[in-house]
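Student: Sharing a model prediction with you, sequence too.
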Amino acid sequence: MHALLKRALGTLRHIVVGVVIAGGLVNLPALADEGDIDKVIILPTPLSDIGDTPDPLQKRLEFAMGEAMMEIGILPLAADFLSIPAFGDVQQTDILAVLRAASAQHSGRLLAVKIDLLTSVDSEPHPVPAASVIDIGTGQLVARTSTLPLLESNDRLEITASAGALARALARQLEQNGYVISAAAKKPWGGRANDYRVSVEGFDLCERRELLTTMEKEFPGFLSLELVKAPNPTFAVYVYRSTATGQRLQKWLEQLMVSYRIAPYTSSRILAKDSNIRVQKDRSHKIYSALCDA
């Protein structure tokens, strides 16, 4: 635990610019007012000691992580919220003092997200995106997750999918550990409740269960889900009741399909008209799921 905190502080020692602050993950209980919302920092890639050249893949992953977190409800604060002094004149204890001072400025807690690239143990090793979250106030590791290896490290879809999976997994873990880091905790998404007729096409039974579970647990504003009909194994229609707008549902579904590594417009389509939404997937493309082991 202390070693992980030390690594995070070592990362900050190399930073000569402000860090990116983001506040908010989704679907958290309305337990606190805006002043009690915990804050999140995405730690940037440290400059190397030789040549000051950051890892391009890790840098792209961190940028994609910021995008993924915004897509699930993050409202970024100013990038220069936390000013790091020039690293040449700063000791690690000073960095810790800066972080704790920043944490003291808010009633909520300050959480630091550290992105790492592990290595798979396959015969042909590949980078494995991983993320950890440290509570700056206590030094405790409060969330940690990893995702599938990147088979094509220059593939934007793979990087985006990995970042989306990491962001959603961290959101669930932080929620389970009692953190409130979203404005959605104070006010519901959308407004009045709406019934949407959602058609799920091209998904087998297990894939459909995975999709619906995510829509229930991770989409803000969810109220209820009822099956209307399922005439064959790869087609089903549901009534999805939510306070979210149809536009937001369509956007979240598009991002969810990307996180499943299903390319938009070619292997999947999200069609929406009024209160009708069609989620279509090419049957030949299987989604990744720990449940379905695709």
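Tutor: Looks like it arrived, so ask away.

Student: The closest residue to A161 other than its chain neighbours and K281: what is the separation?
Tutor: Distance criterion CB to CB, 6 or more residues apart in numbering; nearest residue to A161, sequence neighbours excluded, is R261 at 4.6 Å. All C-beta atoms are positioned from the backbone trio N, CA, C, and that covers glycine. The gap separating R261 from K281 is 12 Å, by CB to CB, to the nearest Å.

Student: which residues do these two both contact?
Tutor: Shared contacts of R261 and K281 (CB atoms under 8 Å, 6 or more residues apart in numbering): I287.

Student: quick check: domain ranges of this protein?
Tutor: Domain ranges of the chain: 2-185, 194-281, per automatic domain parsing.

Student: sec struct for E207, please.
Tutor: Of the three states, E207 takes helix under DSSP: H, G, I helix; E, B strand; the rest coil.

Student: What is the neighbour count of it?
Tutor: Using other CB atoms under 10 Å, E207 has 23 neighbouring residues.

Student: Spatially nearest residue to it, not counting backbone neighbours?
Tutor: Distance criterion CB to CB, 6+ apart; nearest residue to E207, sequence neighbours excluded, is I287 at 5.2 Å.

Student: same check, this time on D282
Tutor: Excluding the flanking residues, the one nearest D282 by CB to CB, 6+ apart is S267, at 4.5 Å.

Student: what do you get for C206?
Tutor: Leaving aside its sequence neighbours, C206 sits nearest to C292 (CB to CB, 6+ apart; 3.9 Å).

Student: distance of that neighbour from I134?
Tutor: Distance of C292 to I134, computed by CB to CB: 32 Å.

Student: Mind checking which of these two has more residues around it?
Tutor: Between C292 and I134, I134 has the larger neighbour count (other CB under 10 Å), namely 26 against 16.

Student: Tell me which other helices or strands the longest helix belonging to the chain touches.
Tutor: For the chain, the longest helix by residue count, based on DSSP state H, is helix 156-176. Counting contacts by 3 or more CB pairs under 8 Å, 6 or more residues apart in numbering; DSSP states H and E, helix 156-176 packs against helix 56-71, strand 110-119, strand 127-135, strand 140-146, helix 205-218, helix 246-259.

Student: And the helix or strand just after it, what's buried?
Tutor: Per DSSP states H and E, the first helix or strand lying C-terminal to helix 156-176 is strand 194-201. Buried positions in strand 194-201, judged by neighbour count with 16 or more other CB atoms under 10 Å: N194, Y196, V198, S199, V200, E201.

Student: Looking at the residues you listed, spot the one nearest P125.
Tutor: P125 has its nearest neighbour among the buried residues of strand 194-201 in V200, at 36.5 Å by CB to CB.

Student: related to what we said a few turns ago, which ones are touching the residue nearest to D282?
Tutor: Taking CB under 8 Å, 6+ apart, one finds K281, D282, H285 in contact with S267.

Student: Make a ChimeraX selection of the buried ones in those residues.
Tutor: Here is the ChimeraX selection string for the buried members of the contacts of S267, based on 16+ other CB under 10 Å:
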select :281,285
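
Student: Mind putting the contacts of S267 into JSON lines with secondary structure and pLDDT?
Tutor: Output for these, formatted as JSON lines (DSSP: H, G, I helix; E, B strand; the rest coil; pLDDT from 0 to 100):
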{"residue": "K281", "secondary structure": "strand", "pLDDT": "92"}
{"residue": "D282", "secondary structure": "coil", "pLDDT": "89"}
{"residue": "H285", "secondary structure": "coil", "pLDDT": "84"}
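
Student: As a markdown table, the helices and strands packed on helix 156-176 with distance to P44 and mean pLDDT would be great.
Tutor: Listed next are the helices and strands packed on helix 156-176 as a markdown table, based on distance: least, CB to CB, whole Å; pLDDT from 0 to 100:
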| stretch | distance to P44 | mean pLDDT |
| --- | --- | --- |
| helix 56-71 | 6 | 85 |
| strand 110-119 | 9 | 88 |
| strand 127-135 | 14 | 92 |
| strand 140-146 | 19 | 93 |
| helix 205-218 | 26 | 89 |
| helix 246-259 | 23 | 86 |
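
Student: List of residues touching stretch 225-235?
Tutor: Contact with stretch 225-235 is made by 197, 199-205, 212, 215-216, 236-241, 283, as judged by CB under 8 Å, 6+ apart.

Student: Would you mind listing which of these are buried?
Tutor: Neighbour-count burial (16+ other CB under 10 Å) is assigned, among the contacts of stretch 225-235, to S199, V200, E201, G202, F203, D204, L212, M215, A236, V237, Y238, Y240.

Student: Looking at those residues, which is nearest A169?
Tutor: Nearest to A169 among the buried ones among the contacts of stretch 225-235, with distances taken as CB to CB, is M215, at 16.2 Å.
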